[in-house]
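K.L.:
Following is a predicted model, sequence given first.
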Amino acid sequence: MSTTTVQEVRAAAAELVAAFAEGRLDDYFGAFAADATFVFHTTPQRLGSTAEYRALWQQWAEQDGFRILGCTSSAQLIQPFGDTAVFSHDVETTIATHAGEETLQERETIVFTRTDGGGWTAVHEHLSARPTA
């Protein structure tokens, strides 16, 4: 396991999570490849692109007043496989909608791939509810 790869992926994941937590949507969606895919336990269909996910986010914001109030990441694991790395973690996210505030306990896996420029971009995200112990 390359220590450099783990550090680079950890940094890319930290930036992605921070952008999400801070509501910096251009930075958040910019962390994903255009053809990234998304599987969320809250949506019935797989999303086939970052543009499709961003459009759904916009719909949530317009219809439900959806916004992120904060997000923390814990229990992180990074598994490098050459030019691909799997990042999994537990996330606690506080959201607000017209219905009020809610804190969600979830698990997330993000698959990163090395770009031609040597950085890392996310190509798949899978989010599931975290069972209570």
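P.N.:
That came through, no problem.
K.L.:
What helices and strands are in contact with the biggest helix by length in the chain?
P.N.:
The helix spanning the most residues in the chain, taking DSSP state H as the definition, is helix 3-21. If you count contacts as 3 or more Cβ pairs under 8 Å, 6 or more residues apart in numbering; DSSP states H and E, helix 3-21 packs onto helix 25-30, strand 67-81, strand 84-97, strand 100-114, strand 120-129. Where you see a C-beta, it was placed from the backbone N, CA and C, and this is true even at glycine.
K.L.:
JSON lines for these, including distance to residue 53 and mean neighbour count?
P.N.:
Listed next are the helices and strands packed on helix 3-21 as JSON lines, based on distance: least, Cβ to Cβ, whole Å; neighbours: other Cβ atoms under 10 Å:
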{"stretch": "helix 25-30", "distance to residue 53": "7", "mean neighbour count": "16"}
{"stretch": "strand 67-81", "distance to residue 53": "14", "mean neighbour count": "14"}
{"stretch": "strand 84-97", "distance to residue 53": "16", "mean neighbour count": "17"}
{"stretch": "strand 100-114", "distance to residue 53": "13", "mean neighbour count": "16"}
{"stretch": "strand 120-129", "distance to residue 53": "8", "mean neighbour count": "18"}
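K.L.:
Is it possible to get CSV of those that adds mean pLDDT?
P.N.:
As requested, the helices and strands packed on helix 3-21 are exported to CSV (pLDDT from 0 to 100):
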stretch, mean pLDDT
helix 25-30, 98
strand 67-81, 97
strand 84-97, 98
strand 100-114, 97
strand 120-129, 98
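K.L.:
export the ones you listed to TSV and tack on distance to residue 5?
P.N.:
Shown next, in TSV, are those (distance: least, Cβ to Cβ, whole Å):
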stretch	distance to residue 5
helix 25-30	21
strand 67-81	4
strand 84-97	6
strand 100-114	8
strand 120-129	9
